[in-house]
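Chemist: Show me how the following folds:
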Amino acid sequence: MARNKYPEKTIEQILSISYRLFLEKGYEQTTIQDIINELGMSKGAIYHHFKSKEDILHAIGDKGFYYPNSIEKFKNLNHLNGLQKLKKIICTEFENLEKQQFDKMAISLTENPKFVSILLNGTLKHGVPILQELIEEGKKDGSISISDSKSASEVILLLNNVWLSPMIGQGNETDLERKILYLKELTELMGIPFIDEDVLNAMNNYLKNIFK
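Modeler: Numbering: from 1, shown residues only. Here you go, the predicted structure:
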């Protein structure tokens, strides 16, 4: 059997197709055979890289597929300061239908401790550098006043992805709306007042869609 000269491309293809199928059909409803059919690969080719469907899911989480891509859209807009860019990116991400689909899917998987661990690790690995870059820009232009941008990024994302998240946190839509308002108060005290009316609306609309 010929050796695959580009295994990283094969892995990327498997993860990309699997991610799309998990969003479209749901993780539990997607089978390895579905992935094989969509890829047009042999079962052996997939199992050469991943032992199971769960391994594929963990690789997707570790790669940070669900982390914001909208930073590229806004970071070079020179007429916006760092805080304004942060607000735009957050609104765009909460309105992102793919993020909403992923989070709906993830709610059903939160009893899987490995998956929860992957989400938390992904937050620190992929999310913190993105937020930290924006906070640093805001510090330079004076729109954000905080001393430790990395710690602030970690606190905000862990609160958002654990305490506030419908995937991991407990509670209903009303509880989460209450938490959003407290997060607004807290980030204003921190010197990063990014939760304005537009962000609040985006967050609340996101919750309504998640709990449909």
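Chemist: what's the helix or strand E93 falls within in contact with?
Modeler: In the assignment (DSSP states H and E), E93 maps to helix 82-94. With Cβ atoms under 8 Å, 6 or more residues apart in numbering as the test, helix 82-94 has contacts from 68, 70-71, 73-75, 77, 80, 99, 131, 134-141, 143-144, 192-194, 196, 198-199, 202-203, 205-206. The C-beta positions use only the backbone N, C-alpha and C, and glycine is treated the same way.
Chemist: In PyMOL, select just the buried ones from those.
Modeler: Written as a PyMOL command, the selection of buried residues from these, which uses 16 or more other Cβ atoms under 10 Å, is:
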select buried, resi 68+70+71+74+75+80+99+131+134+135+137+138+139+143+144+192+193+194+199+202+203+206
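Chemist: Out of the contacts of helix 82-94, list just those in helices.
Modeler: Restricting these to those inside helices, with DSSP state H as the criterion, leaves 71, 73-74, 99, 131, 134-141, 198-199, 202-203, 205-206.
Chemist: all strands for the chain, in order.
Modeler: For the chain, applying DSSP state E gives no strands.
Chemist: where in it is pLDDT low?
Modeler: Scanning the chain with the threshold set as pLDDT under 70 gives 1-6, 63-70, 166-172.
Chemist: switch the cut-off to 50
Modeler: Residue ranges of the chain with pLDDT under 50: 1-3.
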